[in-house]
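Trainee: need a structure here:
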Amino acid sequence: MEILAFIKPKHEVIYVKDNTTIKDALIKMEEHRYTAIPIIDTEGKYFGTLTEGDLLWEIKRTAHFDMQKAEKVLVKDIHRHRDYSAIKSKAEMVELIAKAAEENFVPVVDENDHFMGIITRKTLLNYFFEHNFIVL
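Mentor: Residues are numbered from 1 along each chain as shown. From the prediction side, this is the model:
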């Protein structure tokens with residue numbers, strides 16, 4: 001089965017660029033109520049994953065944090081606990097399922113590591129339920 005059948009394309013994904021400020025990342029995450037979003041670099045490549053926890057620890061680390069300072073700190077400079085590892089668009093279904101079991105979404109990149117979109121765990125589960133692969 002082709003994993004791209006499950007992809008939510010980049011233009012539909014909420015993400016931040018690596019040169020986004022903490023303030024703008026906080027606003028975007030609050031607006032969309034996401035706890036984790038992909039980070040894309042200026043070349044369009046997958047850079048990593050930004051979580052609420054990463055932002056919280058960065059705020060804690062900067063002793064005199066305020067919103068004016070948040071306009072100067074870039075997402076790429078935030079220490080991230082861990083990233084959701086991306087899979088290639090030609091990956092096998094078993095690799096996709098293994099990654100989706102660990103995370104809410106799986107970033108998908110092309111052969112040049114350019115971000116293509118994400119595949120959500122919800123999309124996979126809905127497919128399996130609809131096609132009777134999972135019996136309750």
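
Trainee: how much space is there between the one residue sitting closest to the centre of the chain and D18?
Mentor: If you average the C-alpha coordinates of the chain and look for the closest C-alpha using C-alpha atoms, centre = their mean, you land on P38, 2.7 Å from that point. From P38 across to D18, the span is 11 Å (C-beta to C-beta, to the nearest Å). Bear in mind the C-beta positions are built from the backbone N, C-alpha and C, glycine included.

Trainee: Which parts of this protein are strands?
Mentor: 8-9, 16-17, 36-40, 46-51, 87-88, 105-109, 115-120 (DSSP state E).

Trainee: average pLDDT for the last one?
Mentor: Read it as strand 115-120. For strand 115-120, the per-residue pLDDT values average out at 97.

Trainee: Going by neighbour count, which residues of it are buried?
Mentor: Applying a neighbour-count criterion of 16 or more other C-beta atoms under 10 Å, one finds F115, M116, G117, I118, I119, T120 buried in strand 115-120.

Trainee: With distance to E52 added, can I get these in TSV?
Mentor: What follows is the buried residues of strand 115-120, written out as TSV (distance: C-beta to C-beta, whole Å):
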residue	distance to E52
F115	21
M116	25
G117	22
I118	17
I119	21
T120	18
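
Trainee: quick one: which of these is nearest K69?
Mentor: The nearest member of the buried residues of strand 115-120 to K69, counting by C-beta to C-beta, is F115 at 28.5 Å.

Trainee: List the residues that contact that closest one.
Mentor: F115 is in contact with K10, Y15, P38, I40, G44, K45, Y46, A86, P107, V108, V109, counting by C-beta atoms under 8 Å, 6 or more residues apart in numbering.

Trainee: Show me what it is bridged to.
Mentor: Partner residues in beta bridges with F115: V109, with DSSP bridges as the criterion.

Trainee: now it: how far from R82?
Mentor: Counting by C-beta to C-beta, the gap from F115 to R82 is 18 Å.

Trainee: pLDDT weak spots in the chain?
Mentor: Of all residues in the chain, those with pLDDT under 70 make up the ranges 63, 134-136.
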